[in-house]
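# fold the following for me, if possible:
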Amino acid sequence: MTTFGFELVEDRDIPEINTRAQLYRHAKTGAELLSLQNDDENKVFGITFRTPPSDSTGVAHILEHSVLCGSRKYPVKEPFVELIKGSLQTFVNAMTYPDKTCYPVASQNVQDFYNLIDVYLDAVFFPRLTPAVLQQEGWHYELDTPDGPLSYKGVVYNEMKGVYSSPDSVLGEQSQQVLFPDTTYSVDSGGNPRNILDLTFEQFTDFHTRYYHPSNSRIFFYGDDDPTERLKLLDAYLSEFERAEVDSAVALQSRFDEPRRVARTYAGTQEDGEKKAMLTLNWMLDEIADIETDLGLGILSYILIGTSASPLRKALIDSGLGEDLTGGGLNDSLRQMTFSVGLKGIDSHDADAVEALILQTLTQLAQAGIDPETVDAAMNTVEFSLRENNTGSFPRGIALMLRALNT
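Reported below is the predicted structural model:
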């Protein structure tokens, strides 16, 4: 039995968040829908496509910007800007990840909410992709004066120049890429300014055709709106498509035979004797399928570096070798988790000492164990955070959507 083209796959209550969860599959296209029903008036909709890039031209990021520059039903230059100015939205945005692109929106007014959804669905499925849009959002030549030099400009190009001027951002990107040399994670989905200039209009439109299809989508609803109306709204768009086989799978990275060391430079100035080097040790973990292991690794990361008293953080800070931690600990947003930790503001000659200190501290903790009181404190903190589920001004439904997309 189908309801507005959707087959119910699973139906369960989630008492921790006072929510009824229903997982649907669209019969015609295979699109998956996670529909969460509760009494939260801050309603959330999101549609996500798996978009693994094969290069660092930033095509996924530029496309994320471009689909919000007018569509079949809304042929205006910047409907996104109009939504921010004229709707009752509590959240309007889009985000590019290394392997997916998300389009979430939220509103407390049901009619406004449905209007926002209509704009978003029309944007992602039927965008107005023209060479001018690529030039505006991606890159173009610009001439300030008739006899002046040509320069490169573009919304994403300028944004990523800013990202690449941040040493921490460069370190994070390099850490990911060296851990996954054989997968899509070896390139920059946001775009490297040097490579963005290689993106052609044909590559740009082909990427949309290949990945922005209902068969490659994950759709999310959350809040107190009519759950049946959700299905009706979606089917009006999805039924225009036929099922397609979309090859968007993210390959698993095989393990290295031995550790690898990579040295890179970043843009900046350095006076004689100034400590400007940065170092992280990075581990790739196996793909984690069960939630208990996932949660356990998250708690372990918090134990190691989450507070000023955490043993690994304390060992690094107390060493005096650097000015602050870098690396961020556990990252569970990729297909395979990673763990990164290190120091910034170090002397490059101390890199070996920092590496040895990290490995020595971890070895001691593995052999002698972690103080039980430290473990209890971490467990209490994590449990309280999960029970409170406080996302601040960020809509709670979007936080749940992003968590659901991690697996």
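
# roughly how far apart are Asp318 and Leu312?
The gap separating Asp318 from Leu312 is 11 Å, by C-beta to C-beta, to the nearest Å. (C-beta placed from N, C-alpha, C; glycine too.)

# more crowded one of those two?
Leu312 (20 against 9; other C-beta atoms under 10 Å).

# for the more buried one, which non-adjacent residue is spatially closest?
Leu304 (4.2 Å; C-beta to C-beta, 6 or more residues apart in numbering).

# what does the pLDDT read for that neighbour?
With respect to pLDDT, Leu304 scores 97.

# give me the neighbour count for it.
With other C-beta under 10 Å as criterion, Leu304 counts 24.

# just checking, it is part of a helix?
Yes - secondary structure of Leu304 (DSSP: H, G, I helix; E, B strand; the rest coil): part of a helix.

# how near is it to Gly298?
Distance from Leu304 to Gly298, by C-beta to C-beta: 11 Å.

# OK, contacts around Asp198?
Applying C-beta atoms under 8 Å, 6 or more residues apart in numbering, we find Asp198 in contact with Asp55, Thr57.

# just the element for it, please.
In the assignment (DSSP states H and E), Asp198 maps to no helix and no strand.

# next one: Ile84
Judged by DSSP H and E, Ile84 forms part of helix 79-86.

# quick one: contacts for the residue nearest to Leu312?
Ser310, Pro311, Leu312, Arg313, Gly329, Val341, Leu362, Leu365.

# hang on, isn't the second one packed against Thr361?
Yes - at 6.5 Å, Pro311 and Thr361 qualify as touching, with contact defined as C-beta atoms under 8 Å.

# helix or strand with the lowest mean pLDDT in this structure?
helix 79-86 (a mean of 79; mean pLDDT, DSSP states H and E).

# show me what it is packed against.
Here helix 79-86 touches strand 89-92, helix 110-125, going by 3 or more C-beta pairs under 8 Å, 6 or more residues apart in numbering; DSSP states H and E.

# roughly how far is the longest one from the heart of the chain?
Spelled out, it's helix 110-125. The chain centre lies 22 Å from the centre of helix 110-125; the measure is C-alpha atoms, centre = their mean, to the nearest Å.

# so where do the strands sit in this structure?
Taking DSSP state E as the criterion, the chain carries its strands at 2-3, 6-14, 19-26, 32-37, 43-50, 89-92, 95-96, 100-107, 140-143, 150-153, 217-223, 277-284, 324-331, 338-346.

# tell me the mean pLDDT over the second one?
Here strand 6-14 scores 97 as its mean pLDDT.

# who does that strand pair up with?
strand 2-3 (antiparallel), strand 19-26 (antiparallel) (DSSP bridges).

# for Asp286, give its distance to Asn93.
In terms of C-beta to C-beta, Asp286 sits 32 Å off from Asn93.
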